[in-house]
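Visitor: using only what follows, build the 3D model:
(chains A, B and C)
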Amino acid sequence: MSDQGDTAQTPAARTVLYGSLAQAFNYPDEALAGALADGEFLAMPADVLPMRAIEILGPLGVYRGTGRKTLLLDLERDYTWMFFASKPRIAYLFESVYNEGKLYQESTFQIARLYHDAGLKVEEAFKLPPDHIAVELEFMAYLAFSESEAIAKGNKENEQYARELQEKVLAEHLRSFAFTLGDHIHENAKTDFYRAMGEFLMQLFRP
Amino acid sequence: MADNQGINRRNFLKIIGISGAAVSIAGFPFRNLSAQTPFGKHSQEQPTYVIKRKVPQVCARACEADCAYNVVVGVDPVTGLERALTLEGRPEDPVSNGKFCIKGMAFVDSMYDPDRLMVSLKRTKPRKGTDNDPGWVTIKTEDAANEIIATLKKLKAEEILMCSPGDPYTNKLARSIGVTRSDQRTECFGTHYYINCLTITNPPNKYYSSTYTPSHHVAGYDFDNARYQVWFGFDSFSKCGKAGMLNHWAQGKKNKGKIVMFNPLRTPLADAFATEYHSIKPGTDLAVALAMINVIVSSGKYNAEFLKKYSDAPALINTKTRMPLTAKDGSVMAWCSIHKTAEPIDTCHAPVMDGGPYKVKVDGKEVEAKTVLNLLKEGVRPYTTQWASRITEVPPSVIARIAREFAAAAPSAFIPTYKRDSAGPNYANSWRLRHAISILNTLTGAIDHEGGIILLHGVRVPWLEDLSKPVKPYPELPKEPVDFRNQFPVTDDIYRNKDFSAPGHYGMVGWGLYKTTKTKAVFFRNPHRGLHAMIQPQMAEAALEKMELVVDWNLYLDDLGYWCDYVLAAPHQFEEGKFDLRLYYPKWPCYVGGTPVQKSPGDQIGWGGLAAKIGMALAPEYWTTDGSTDPKKRVPLNMSDVAVKEAGVAENAAEFMKKGGLWIDRRKYDNYKTIREIGYGKPNGRVRMYIDEFAKAGYDSLPVWAPRWHDTKGDYTFSLLITRAPWIMHADPNFVNNPVLRKMTERNFMDCVWINPDAAKQIGVKEGDMVVLENNPEYMKDLPRPVKAKVHITKRITRKDCVLTFHGIGHRARNLKTAANWGYRDGDLIPQKDPAIAKKHDPTGMGWVEDVYVRIRKA
Amino acid sequence: MKEYAILLNNTNCTACNTCAYRCVQEFRYHDQAGKGLFRTFVATNDDGLYHKRCMHCVDPQCVKNCPVNALTKSEYGPVLYSADTCIGCQTCVKVCPFNVPQFDEARKKIVKCSMCAQRVGKGTQPACVEACPTGALEFGEYKAIMTRAQEMAKKGKLTLYGDKEAGGTHLFVLMKGDPAAAGYPKAAKKEKPVKKAAEGTFDVPVMAALALGGLKKLTERKERIAAEKEKDKEN
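Guide: Reported below is the predicted structural model:
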């Protein structure tokens, strides 16, 4: 992967990285609070993490051993406030709002087509627009995972295809909005966790 | 970890926190995506987006016309993802005639408003108000509903207030729990609705339907074929944009119909459709109407045949008790000129309308009685055109000529009213004006006649209670409701006993919540305008801070959210099915339906489902067919299925929609048939001019002059006029949170207050200056909130003594990207009504929103 | 190819701006409109209503002066604009006698009505005309519309704007009173230029399917312009 800048260097590491970020941008749940309290969130060797990751993730150490219930409530409040209730709205979770100002616009359709191209569809239970950042990150995790599997199986064609799609998602989607989203979160979040996640987005998706 | 073999499904799951059960179902280790095909390049079609669907819909929240149209939907054939693009007309719809308006189109775009609420919210920090952090967390809508139910269960019925229009679900819910339902529509429709009921539509009549419409008014206007109309402020700016009406007015103009408009504001509607326009002193339209009645009745230019056969003009009224004389069977008596005695009006051979007084024996005693027409004549005698001219500043010759022309054009001559902009504008004397209007429409015989006022006929949509009759009577409603409606016996009787969907007293709810401690929970079924529809919302705001439970069911987190414990996510109006009558233009029996355009993107709950859920939990005996608590026995909710089946239109609503969702029976309008079916008196219904319920309650049974409830004082000289930009509906974020509409509003200066150039000179303000509008503290004692706004100086305001404000802007919900803190809020200037004062002046106690004088000073 | 025009009877207009919003949805330019850049817009002024929209001049100055042929006059009426060709020099903004073209600073492009060429090509009316709730807008064959406008002006004692202004236009505006008082620019009246007999046909732009994304493009514009020049040379 030559063109993924500051991201983790191996497909396996990218899978974990994007998967964890996807988890961070879904509505917080007990698993997330647990991972933070246990110090397991993005607990990867420094050499496979993107640049500045250790520095950015440093403040998450405060969550080690904290009460999960209180932590979860704090996360829920912060998430709901930022993405659904802040006045004015801190950040929107959907790509098209950044690109076209509204939900379900051209970028929504384009990313949905990429999911389709990779043989995926958005779960029925997921009722929000498909250009939700958590889904796009999850998609990246899947592509990295597929790349990793293709390498393991020696399937060059799939390996190449997985890389192409990752590059496309980065170039045409995540870089177009995730930096701004991250910036707004980093600036405004009330919790260390989301502040860090905002900075992480900025680091990964600098246009 | 650098080794890609290190990634396996188990690690994956652990890392991203997915349970094994979820995986076994999804067959894929991620959360929101699932694999359809193995990963790899495969041949892919890449066709372009296509217009695949045109979805029939009916506008239900933007105005009273309820146009039918198609929503044009583009589909990506690869992913199946869809998006609505615009509207397309349905020429077969008698209301819209193939047209639609800007608000209808804005609804298309608001489905994709980034600020729409896609999840339900729960407050986790107790302090309410604009400056406190609610600590919102996201909650599953189902869980939120359960928690709300648990809290409601702990409260007494009289401690709960439902703020909602009277749709069938709300009605059943409120009645089954026994709580007061008060209504956002009151200040707009209240006066019109009740006077219409009391003079013509007599609820619950056989066409009285459950379809959600703004007013259940049953009566529409044949604008296309009218020969002469008089509009008292009917041409508000909001009407400039109502396509469902505009197309009819354009047709009327083609047919050479004349329209006379009275308004201190000259709108583009007047420019386009008025044959003559007269500037009038605000709040004095009643004087013109009374003088018109005087001209017509004193010269005998009324439609005598209609009056005799279809109205109460010959009815005898006891001059002492002011009550009608009635036979033992309850029928009204008339004086027979042949038999020289009082006889039941329908069997009387030769009822007189004039002369008298007549001496009539009642229970052996002789009483004096006069006919309604005679009482009317005597009553309006002082109201000469000269008298009216002094009050209104309209020349007497103009009033006299208009009255004569109006009468000469009978029966295709009427005065239209729907709501505030007509049954007034909205003053303490507007109930009298609305009554006078009804009388004028009766004098020409326009009621239930082609070219006049056309009545709904031949169709009906049942109520939930018609589908499944409650096994026992509903519980008593609170005796002393927080909106004080019990202090208004005439309207309260209609609400409690005849039409529970009738508007409540929203203009006093704020007063009641603030001044009493009766209420502990308020449930807003907020069609996007709860607090904004409220005059002087500051009173309600202060009161809501102390409530145990405040809930809002809403498409947006609007400024009501500052006080809510829960905000439940509601679907967009295009995400719901519809079934409607053509109430606004009921010339032909017609049903029209709408299909959901898309699934709601998120965790929303429809109102019917939510109401039924709460009802089943709190009052299951009324929500089951057998009075049990068995959820399998829940009452049917399929009103539209029953309607189309009964009409023989289709087997059920689904089949009806398959057939196109519009059925119309273009039969010839049968003049004066429906009034026989629905009017006052059985078996031959009539229009009433004399409202004896008013006499019984100590009010005037026929309209007499009354000025506004208070006069100008000191610097408080500017009469407040209210209108709306044609593309804005209250403060509905569907419109005010739309950047295109905001720009249009600004470009047309409709985010300013408008004053006349001479007035501007007098107070020394220039175009674009910021000014402050203030109430006289004598008339707004609690929580005054002056309004700061930009001035637009315009000759369209044709008098120096008024200021025009635009309703619907001034949102305080800062999370709404476009609407937040834009413009001013007119409602802050309109006092909540003290019931003690309101009932002195007005038996309906509704409206009054323009009955305000303000001071204007440079900011 | 027929030549088309629009008749705007201002005496039936109520400034509802349904035309304006329908136009925004037709071309999906919500972003620009949100900044006030409308292709058509009705302003409520004291002495009448002003529709700010391209008049589609018979002899358009914008076309004459555009250095890159981004603006072209079609034989069938509309003045067409190619955003792809436009270099954002704003010459058209300066020379238009009706002050119509607006410059979008963000995109460095012009915002202007095309008389819905893509709909006309399909045989449907412009979106604004179709949507107008009062029938204030009519669309039809140029000569018929012109005659109708002139007759209506005479019969109703109305002012006709657009017939003689700037040498004539393809938008005829009927109104009571003085157009300038209502907001219309005072464009000098000139005789219509004598038209060259059209050689061959000039295709209506091919309709691009109403796509979900972006603005529809008029296809093969550059080629057409080149072909037209070739034809002129041959003539």
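Visitor: so B:Ala760 is in which element?
Guide: Assessed by DSSP states H and E, B:Ala760 sits inside helix B:757-763.
Visitor: does chain C sit close to that helix?
Guide: No. For helix B:757-763, no contact with chain C is found by CB under 8 Å from any CB of the partner chain; the gap never falls below 9.1 Å. Glycine gets a C-beta too; all of them are placed from N, C-alpha and C.
Visitor: hmm, the longest helix belonging to chain A touching chain B?
Guide: Scanning chain A for the helix with the most residues, using DSSP state H, yields helix A:133-153. Yes. Counting by CB under 8 Å from any CB, contacts between helix A:133-153 and chain B involve A:134-135, A:138-139, A:141-142, A:145-146, A:148-152.
Visitor: any of those buried? List them.
Guide: A:134-135, A:138-139, A:141-142, A:145-146, A:148-151 (16 or more other CB atoms under 10 Å in any protein chain shown).
Visitor: so can I have TSV of those showing pLDDT and distance to chain C?
Guide: Formatted as TSV, those follow (pLDDT from 0 to 100; distance: CB to the nearest CB, whole Å):
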residue	pLDDT	distance to chain C
A:Ala134	97	23
A:Val135	97	19
A:Glu138	95	24
A:Phe139	96	20
A:Ala141	94	27
A:Tyr142	93	25
A:Phe145	91	30
A:Ser146	92	27
A:Ser148	91	33
A:Glu149	90	33
A:Ala150	93	31
A:Ile151	93	35
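Visitor: can you classify the closest residue to B:Pro831 other than its chain neighbours by secondary structure?
Guide: Of all residues beyond its chain neighbours, the one nearest B:Pro831 is B:Met780 (4.3 Å), with distances taken as CB to CB, 6 or more residues apart in numbering or on different chains. Secondary structure, DSSP: H, G, I helix; E, B strand; the rest coil: B:Met780 is coil.
Visitor: so B:Met780 is in contact with B:Ile535, correct?
Guide: No. Taking contacts as CB atoms under 8 Å, B:Met780 lies outside contact range of B:Ile535: 10.3 Å.
Visitor: shared neighbours of those two, anything?
Guide: Taking CB atoms under 8 Å, 6 or more residues apart in numbering or on different chains as the criterion, B:Met780 and B:Ile535 both touch B:Pro831.
Visitor: of the two, which one has the most company?
Guide: Taking neighbours as other CB atoms under 10 Å in any protein chain shown, B:Met780 and B:Ile535 compare with B:Ile535 leading, 27 against 20.
Visitor: run through the residues that contact the more buried one.
Guide: B:187, B:506-507, B:510, B:827, B:830-832, B:849.
Visitor: for C:Cys57, list each beta-bridge partner.
Guide: C:Thr169 (DSSP bridges).
Visitor: that one touches C:Gly162, doesn't it?
Guide: No. Assessed by CB under 8 Å, C:Cys57 is found out of contact with C:Gly162, at 9.1 Å.
Visitor: and for these two, which residues touch both?
Guide: Residues touching both C:Cys57 and C:Gly162 by CB under 8 Å, 6+ apart: C:168-169.
Visitor: so which of the contacts of B:Ile535 are in helices?
Guide: Those of the contacts of B:Ile535 lying in helices (DSSP H): B:187, B:506-507, B:510.
Visitor: list just the nearest of these to chain A.
Guide: Nearest to chain A among those, counting by CB to the nearest CB, is B:Gly510 at 23.1 Å.
Visitor: quick check: the closest residue to B:Gly608 other than its chain neighbours vs chain C, distance?
Guide: Leaving aside its chain neighbours, B:Gly608 sits nearest to B:Tyr169 (4.9 Å; criterion: CB to CB, 6+ apart). Computed as CB to the nearest CB, to the nearest Å, the B:Tyr169 to chain C distance reads 32 Å.
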